[in-house]
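Q: here is the input, now give the coordinates:
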Amino acid sequence: MGTPRSWSLTDIPDQSDKIVVVTGANSGIGYVTARELSRRGAHVVLACRDPERGKNALDRMRAEVPDARLELRQVDLASLASVREFAAGWDHDRLDLLINNAGIAAVPFARTADGFESQFGVNHLGPFALTGLLLPHLRAAPAARVISVSSMAHRLVRFDLDNLNAERSYRAAFHYGRTKRAVLYFAMELQRRAEAAGLKLRSMGVEPGFTRTNVMTGGANAARGKLYLATMRLAERIAFRPPEEGAKTSLYAATVPGLPGGSYIVPDWPLQMRGEPTRRTREPALYDAVTAGRVWELSERLTGVTYDLPKPA
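A: Residues are numbered from 1 along each chain as shown. As a prediction, this is how the structure comes out:
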């Protein structure tokens, strides 16, 4: 499918028949994604970890889009108990669009409530469990989509399946890239399994490119020290794009009619640093079904969440 050289937020088609969940919707790319979907009429659930920040985002979004249909619900992807509680509380008749946007990047070593290395837990295992637990509601939608946010960092590291949970060593930036490769493997394997089950569900991966958010300076990274924070903030001002640009790939994957499942949407500049959304097909991870299957099986075992989907041939 061809991609236009220029695609803007105004090109998003009507979404008034959609029920949507966006994780990490209180700031950055997630906030813009949720706001623009609500601007097009979608009923958007802001799935946020921090209730106060979520409430601030909700109030701000309602001021920007006065007729928006919005809900705020709490979910902490670092806690499987929280993920299960969110899924168990789902009270709509379906879910049309799930955008697994929330994540953390290159943080100091820590473990989640369930004992997983924090980046692996938040970036991959939490979304894997959330998607699996919401799968019955996605299946109830006529043409559901699941969008998983990866990163260009995934292609800069050697993928080590046996050290995803930092059993042997931990280097924050490299481990971030590995978890984002796991995200991409998950997106493609979900598409294979949905196709094997004959579902209309479409799973896609995206990269936002260099985007100015608080992922490198907030959360656990806020304690890294003044020199680190000053350096990162300078780099963001010089080289990074505003969230409205970074959110384009998520919104493109979520809304463009006819986009096939298994698509990988990235910015069209070299190295996918910036640019307009385009479908990338020359990416080895998209076709490595063996590794993707192993990541899937590991994720099911660690989270205890299994999908009612057949294993692809």
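
Q: CA only for contacts and neighbour counts going forward, please
A: Fine.

Q: residue 92 - how many residues pack around it?
A: Neighbour count for residue 92, taken as other C-alpha atoms under 10 Å: 8.

Q: host element of it?
A: Assigned by DSSP states H and E, residue 92 falls within no helix or strand.

Q: same question for residue 203.
A: Counting by DSSP H and E, residue 203 is found in strand 202-206.

Q: could you give the average pLDDT over that strand?
A: For strand 202-206, mean pLDDT is 98.

Q: and the contacts of that strand?
A: 143-151, 183-184, 187-188, 190-191, 194, 249-250, 253, 260-266 (C-alpha atoms under 8 Å, 6 or more residues apart in numbering).

Q: for stretch 19-37, same thing?
A: 9, 15, 42-49, 53-54, 56-58, 61, 65, 94-103, 212-214, 243-244, 246-247, 250-251.

Q: which of those fall in strands?
A: 43-48, 97-100 (DSSP state E).

Q: what's the closest of those to residue 307?
A: residue 98 (15.8 Å; C-alpha to C-alpha).

Q: surely the closest one touches residue 149?
A: No - here residue 98 does not reach residue 149: they are 11.1 Å apart, not a contact under C-alpha atoms under 8 Å.

Q: one step back: buried ones among the contacts of stretch 19-37?
A: 9, 15, 42-49, 54, 57-58, 61, 65, 94-103, 212-214, 243-244, 246-247, 250-251 (16 or more other C-alpha atoms under 10 Å).

Q: tell me which stretches of this protein form helices.
A: Here the chain has its helices, by DSSP state H, at 28-39, 51-64, 80-88, 118-120, 126-139, 172-196, 226-239, 243-246, 248-255, 289-303.

Q: and those helices, which one's lowest on average pLDDT?
A: Looking at the helices of the chain, the weakest mean confidence is helix 226-239, a mean of 54.

Q: residues in contact with residue 168?
A: Taking C-alpha under 8 Å, 6+ apart, one finds nothing in contact with residue 168.

Q: the residue nearest to residue 54 when sequence neighbours are not counted and residue 72, how far apart?
A: Leaving aside its sequence neighbours, residue 54 sits nearest to residue 26 (C-alpha to C-alpha, 6 or more residues apart in numbering; 5.1 Å). Using C-alpha to C-alpha, to the nearest Å, we find residue 26 at a distance of 10 Å from residue 72.

Q: overlap of the contact sets of these two?
A: 46, 48, 54, 58.

Q: what two of the residues you listed are the furthest from one another?
A: Across the shared contacts of residue 26 and residue 72 (C-alpha to C-alpha), the longest gap, 10.3 Å, separates 48 and 58.

Q: what touches both of these two?
A: Counting by C-alpha under 8 Å, 6+ apart, the residues touching both residue 48 and residue 58 are 26, 72.
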